[in-house]
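# show me the folded form of this:
(one chain, ligands or ions: 1)
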Amino acid sequence: MIVLIFIFGLVIGSFLNVCIYRIPRGKSIVYPPSSCPVCGARIKWYDNIPVLSYILLEGRCRSCKSKISPVYPIVELLSAIYTVLVYLKFGLTVDFTFYLIFGYMLIVGSFIDLFHYIIPDGISLGLAFIGLLFGLYKHALVHSIVGFAFGFVLLLFVAILGKAIFKKEAMGGGDIKLLGALGTFVGIKGVLFTLFVASLFGSFVGIILMALGKVSMSQKIPFGPYLSLSAIIYIFVGVHIIAKIYGF
Ligand SMILES: [Zn+2]
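Okay, here's the model as predicted:
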């Protein structure tokens, strides 16, 4: 069963790659079939097998030999590992379905943010909509609405404060909408946990990159991936840690 779930995750990961590449370019995610972005050659089905084709082709296009980004197999593996983890935690339940969509949308949003410094509304607001449905099914709709409002207002406040102190945009509108969307799934406690852990991760990575001379103080650093990863950590372990420490 785990092998089947893993393969399912790989196949979905392959589709997530299509979304990551096409959504920011305003292209359809269903048509046309994949082609090499350098030479335009159609990618045959046997060259489009997740991870395996990348290894067999040694990371190069079959027709023009230009390099294929290692991000493709990385996204496929991430998707597969995430799918198995959600299966192990939730089994084949309705929760499983919701948390899969949750993670898949976050993978797409995070990689788009990494490459383009934007989080499309289709991802953040789309996720918020799914989260409202999940709230309706799981607790009560109000739980998700409060989660959205709390995440949105909290990060809006941080953004305004950051702008007043640093005299420049510290937090983008995409991040604000994303934390709201995450709030529909994780609620108020989850939003606080997510923002706290994401800030720790973000500062840690930022300091390392600055020490290595890879980025400067004024450079933009996408925050979406940190928020996404932290919300996923909350769902798997954070919720239990908070329950243990604070008893709620
Ligand atoms: Zn090519």
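# the residue nearest the centre of the chain: which element?
The centroid of the chain falls nearest to Leu106 when counting by C-alpha atoms, centre = their mean (2.3 Å). Counting by DSSP states H and E, the element that carries Leu106 is helix 94-116.
# which secondary structure elements does that helix contact?
helix 2-22, helix 71-90, helix 121-138, helix 173-211, helix 224-233 (3 or more C-beta pairs under 8 Å, 6 or more residues apart in numbering; DSSP states H and E). Bear in mind the C-beta positions are built from the backbone N, C-alpha and C, glycine included.
# Leu127 is in contact with the residue nearest to the centre of the chain, correct?
Yes. Counting by C-beta atoms under 8 Å, Leu106 does reach Leu127; the two are 7.5 Å apart.
# output the helices and strands packed on helix 94-116 as CSV; include the columns distance to Met217 and mean neighbour count.
CSV is the format used below for the helices and strands packed on helix 94-116 (distance: least, C-beta to C-beta, whole Å; neighbours: other C-beta atoms under 10 Å):
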stretch, distance to Met217, mean neighbour count
helix 2-22, 28, 18
helix 71-90, 27, 19
helix 121-138, 27, 18
helix 173-211, 7, 20
helix 224-233, 18, 24
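# just put these in a markdown table and tack on mean pLDDT and distance to Lys163.
A markdown table is the format used below for the helices and strands packed on helix 94-116 (pLDDT from 0 to 100; distance: least, C-beta to C-beta, whole Å):
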| stretch | mean pLDDT | distance to Lys163 |
| --- | --- | --- |
| helix 2-22 | 96 | 29 |
| helix 71-90 | 97 | 32 |
| helix 121-138 | 95 | 20 |
| helix 173-211 | 93 | 12 |
| helix 224-233 | 96 | 19 |
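# let's have these in TSV, adding distance to Phe150.
What follows is those, written out as TSV (distance: least, C-beta to C-beta, whole Å):
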stretch	distance to Phe150
helix 2-22	28
helix 71-90	24
helix 121-138	13
helix 173-211	5
helix 224-233	13
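# picking that back up, with adjacent residues omitted, what lies nearest to the residue nearest to the centre of the chain?
Spatial nearest neighbour of Leu106, excluding adjacent residues (C-beta to C-beta, 6 or more residues apart in numbering): Ser228 at 3.9 Å.
# could you dump stretch 58-77 to PDB, C-alpha only?
Extracted in PDB, the C-alpha atoms of stretch 58-77 (Å, rounded to 0.1, in the frame of the first residue of the first chain):
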ATOM      1  CA  GLU A  58      21.200  12.000 -16.800                       C
ATOM      2  CA  GLY A  59      19.300  15.300 -16.300                       C
ATOM      3  CA  ARG A  60      19.300  16.300 -20.000                       C
ATOM      4  CA  CYS A  61      16.700  16.700 -22.800                       C
ATOM      5  CA  ARG A  62      16.700  13.800 -25.200                       C
ATOM      6  CA  SER A  63      16.700  15.900 -28.300                       C
ATOM      7  CA  CYS A  64      18.700  19.000 -27.500                       C
ATOM      8  CA  LYS A  65      20.800  17.800 -24.500                       C
ATOM      9  CA  SER A  66      20.200  21.000 -22.600                       C
ATOM     10  CA  LYS A  67      20.100  20.500 -18.800                       C
ATOM     11  CA  ILE A  68      16.800  19.700 -17.000                       C
ATOM     12  CA  SER A  69      16.400  21.500 -13.700                       C
ATOM     13  CA  PRO A  70      16.900  19.100 -10.700                       C
ATOM     14  CA  VAL A  71      13.900  20.900  -9.200                       C
ATOM     15  CA  TYR A  72      11.700  18.500 -11.200                       C
ATOM     16  CA  PRO A  73      12.700  15.300  -9.500                       C
ATOM     17  CA  ILE A  74      13.000  17.200  -6.200                       C
ATOM     18  CA  VAL A  75       9.300  18.300  -6.400                       C
ATOM     19  CA  GLU A  76       8.300  14.700  -7.400                       C
ATOM     20  CA  LEU A  77      10.100  13.200  -4.400                       C
END
